[in-house]
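> structural data only, the sequence is not supplied:
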């Protein structure tokens, strides 16, 4: 076989692997768009036959209370976040949160039963900040969560600590190859078991100052307008592999294979992902990162930072968390009617973004 033909064949095989999300099992393909545009959505056949228990939505703890009544801030002491709702709605929401996060430990996971108003447990301080975060997501990040919204269960799924999380990796010895592999050749599920760098989360999803996600340039040669190196693209591809695995989709869910870069050829879902990356950065930086001094040592990563979120934390292998079911409609306390003015607000652009974040 001629060398050029072998190279072309290898490129085709690699491209097919990338577009199929690199997951084993029988797949089904559905074409959308015009023929020849490379817009096939490939899914695992098994995923269409049954619902993973992790995505089953729990029912409300009891029938939602009727509107009206004494405000929670007047009925209870030290209510700093949900004081604007009624006493009955407050109790209803607390009962649901207990079911979502600490079904075995109960209220005592966050509260001292002898003094429910006390802030002595770190878990209560964390829960308060997470309630602020949830309300913020449901009011200021509708470009990503739409009207479906999120609740505590979207991430926790009955666990005190969401099982899908990440922290800054421990630093190795920079003087040896074995001591510092820069996250490479250490396959983890978060990056689809690839040998690509597993430190992409720290680079791209840490906070508002995270590095821009770049691969392609419109310029053919290195210049002040084109500083993206081949090495830099590995981290980006690692993040893309993570996103593909987290949502259970292949690349053409957001991109057009004719031009992965072009926004005018991409699907509308790419805009949703654009906001999603920014939302995750905001969650990790403004909300979780601000709790570094509150968490005990055993709840921190090897570098002393709190456990943070990524795409899998909510999505769990499907493109719409919990199959697209809106739990927040049963818990209006988690989606205030008045917009929240915070640093997290992300105004919608007049047109689709011209570049990825």
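Received, thanks. Quick caveat, the model's predicted, so the values are computed rather than measured. Residues are numbered from 1 along each chain as shown.
> next secondary structure after the helix or strand harbouring residue 270?
Using DSSP states H and E, residue 270 sits in helix 269-282. Downstream of helix 269-282, the next assigned helix or strand under DSSP H and E is helix 311-315.
> in contact with the residue nearest the centre of the chain, which residues?
Taking CA atoms, centre = their mean, the centroid of the chain lies closest to residue 311, which sits 2.8 Å from it. Counting by CB atoms under 8 Å, 6 or more residues apart in numbering, residue 311 touches 242-243, 246-247, 276, 280. From N, CA and C alone the C-beta is placed, and that goes for glycine too.
> quick check: the farthest pair among these?
Greatest spatial distance in the contacts of residue 311: 247 and 280, 13.1 Å, computed using CB to CB.
> re the thing from before, what pLDDT does the residue nearest to the centre of the chain get?
Confidence at residue 311, expressed as pLDDT, is 96.
> residue 47 now?
51.
> tell me where the stretch 51-200 of the chain has helices.
Under the criterion DSSP state H, counting those that start in this stretch, helices of the stretch 51-200 of the chain are mapped to 72-75, 87-101, 122-140, 142-145, 152-156, 200-204.
> next, the angle helix 122-140 makes with the second one.
Read that as helix 87-101. Put simply, helix 87-101 runs at 110 degrees to helix 122-140, going by axes from the mean of the first three to the mean of the last three CA atoms, to 10 degrees.
> where does pLDDT dip in this protein?
Along the chain, segments meeting pLDDT under 70 span 1-27, 32-51, 172-195, 198, 216-223, 225-231, 338-357.
> mind listing the strands for it?
27-31, 40-44 (DSSP state E).
> distance check, the residue nearest to the centre of the chain against residue 163.
Residue 311 is 14 Å from residue 163, where distance means CB to CB, to the nearest Å.
> ok, now residue 137?
Distance from residue 137 to residue 163, by CB to CB: 20 Å.
> of the two, which one has the most company?
residue 137 (26 against 13; other CB atoms under 10 Å).
> ok, that one touching residue 279?
Yes: using CB atoms under 8 Å, residue 137 is in contact with residue 279, at 6.7 Å.
> shared neighbours of the two, anything?
Jointly contacting residue 137 and residue 279 under the rule CB under 8 Å, 6+ apart are residue 145.
> hey, what's the residue nearest to residue 265 when sequence neighbours are not counted bridged with?
Excluding its sequence neighbours, the residue lying closest to residue 265 (CB to CB, 6 or more residues apart in numbering) is residue 256, at 4.0 Å. For residue 256, the beta-bridge partners under DSSP bridges are residue 259.
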